[in-house]
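Participant: Provided below for reference: sequence and predicted model.
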Amino acid sequence: MKFLCLFLLLIGVAIAEPKFQYDKAQVKTLVNQGDPSKHIDLVFVGDGYTPNRSSELERDARDAADSLWKYPLFKDYKQYFNVHLVSVPSIQEGQKTHYAFGSETLNNGQGTVDVTKENELKAVAAKAPGCDVIIVLTTMLGRAHAGDFIVLPGRSFEPLPHELGHKLGKLGDEYSSESSLADRRSLNFGSGDIPYPNLTLPSKIDPTNAETIKKTAKWGHFLELPGAFPLVSAYQGGFYRTVGVWRPTFACIMDDDGAPFCPVCHEEMVKAIYAKCGVPFDDKAYHRRHPLSQWR
């Protein structure tokens with residue numbers, strides 16, 4: 001009898017799930033700078049927006065993109081980005097919203113919002129040209145995050161540059177967090193290093209002085225620039241720890257959403273943008289455009 005009840009319950013759940021029109025996803029280009037093969041295509045996808053909120057979804061996507069262009073790095077390199085919006089309406093039944101891509105709060109004690117229907121999300125986003133980065137705008141409230149895609153809950157656009165730091169620049173988090181550390185405790189990379197250009201293990205760096213940092217740090221080439229030290233140096237903290245990991249600068253968006261990209265992370269971001277867009281990176285030209293005085 002118990003198994004029969006469970007079976008009937010599962011049938012009821014399946015019947016309660018409405019059918020979403022993934023095959024009829026609507027694609028709209030909001031910013032078109034050119035050939036997707038020579039640009040980075042950001043694809044916004046809404047989750048939780050019912051049919052009567054379609055104009056709200058477009059407004060939120062435009063506001064998110066506009067917030068990005070106000071951020072110094074993306075303002076300077078806007079010409080390398082296309083922006084698209086893909087919409088599949090969610091469904092409202094009474095007081096319940098059925099999220100087309102399964103937005104839910106993760107059980108990690110941080111209020112992080114994720115989407116559970118990854119296959120449907122990726123298939124729908126792929127209808128947009130290029131589709132280099134998927135950004136989910138969900139009406140659910142909570143914390144943003146980035147994995148295979150970026151999730152921005154409840155019009156929380158401020159984290160977008162930081163999350164693009166992960167997606168485009170392959171940058172690591174520089175902040176300390178006991179709750180994040182609980183899930184990411186291991187620093188066992190064998191004989192290697194932390195796989196991020198802005199973080200390194202104590203065994204891979206000699207932080208004694210500017211000369212030893214220049215010789216041993218991943219970002220040591222910055223110390224060859226006049227006046228780089230101590231703006232670029234070696235600071236303890238990163239990878240969710242206060243000690244045991246080193247980062248290149250005191251302040252960076254990879255530590256604090258309100259800060260700019262530090263010189264090291266900024267250069268990594270520009271290199272990544274150029275690589276995707278087929279633009280050769282000229283070190284001297286880059287540093288003429290972005291002298292270290294930009295960060296002082």
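Facilitator: Arrived safely.
Participant: hang on, isn't residue 133 packed against residue 45?
Facilitator: No. Look at residue 133 against residue 45 with Cβ atoms under 8 Å: they stay out of range, at 11.0 Å. Just so you know, the C-beta spots here come from the backbone N, C-alpha and C atoms, and that holds for glycine as well.
Participant: who has more neighbours, the two?
Facilitator: residue 45 (29 against 19; other Cβ atoms under 10 Å).
Participant: looking at this, that one is in a strand?
Facilitator: Yes. Assessed with DSSP: H, G, I helix; E, B strand; the rest coil, residue 45 lies in a strand.
Participant: Which residue or residues pair with it through a beta bridge?
Facilitator: With DSSP bridges applied, residue 45 shows beta-bridge pairing to residue 86, residue 136.
Participant: residue contacts, it?
Facilitator: 85, 86, 87, 88, 101, 121, 124, 125, 134, 135, 136, 137 (Cβ atoms under 8 Å, 6 or more residues apart in numbering).
Participant: Repeat that for residue 269.
Facilitator: 73, 164, 165, 168, 169, 171, 261.
Participant: now do 10 Å
Facilitator: Residues in contact with residue 269 (Cβ atoms under 10 Å, 6 or more residues apart in numbering) are 73, 74, 77, 161, 164, 165, 168, 169, 170, 171, 253, 261.
Participant: List buried residues within the residues you listed.
Facilitator: Among these, those classed as buried by 16 or more other Cβ atoms under 10 Å are 73, 74, 77, 161, 164, 165, 168, 169, 171, 253, 261.
Participant: so what pLDDT did the last one get?
Facilitator: Which is residue 261. Looking at residue 261, its pLDDT reads 97.
Participant: now do residue 177
Facilitator: 82.
Participant: Near it, how many other residues are there?
Facilitator: The tally of other residues near residue 177 (other Cβ under 10 Å) stands at 15.
Participant: got it, and residue 216?
Facilitator: 15.
Participant: Which residues are in contact with residue 167?
Facilitator: Residue 167 makes contact with 40, 42, 132, 133, 134, 135, 146, 147, 148, 149, 150, 272 under the criterion Cβ under 10 Å, 6+ apart.
Participant: Mind doing that once more with 7 Å?
Facilitator: Applying Cβ atoms under 7 Å, 6 or more residues apart in numbering, we find residue 167 in contact with 133, 146, 150.
Participant: ok, now which ones touch the first one?
Facilitator: It refers to residue 133. Going by Cβ under 7 Å, 6+ apart, residue 133 touches 40, 42, 43, 150, 164, 167.
Participant: That one and residue 39, how far apart?
Facilitator: Distance of residue 133 to residue 39, given as Cβ to Cβ, to the nearest Å: 12 Å.
Participant: again, but for the second one
Facilitator: Applying Cβ to Cβ, one obtains 20 Å for the distance of residue 146 from residue 39.
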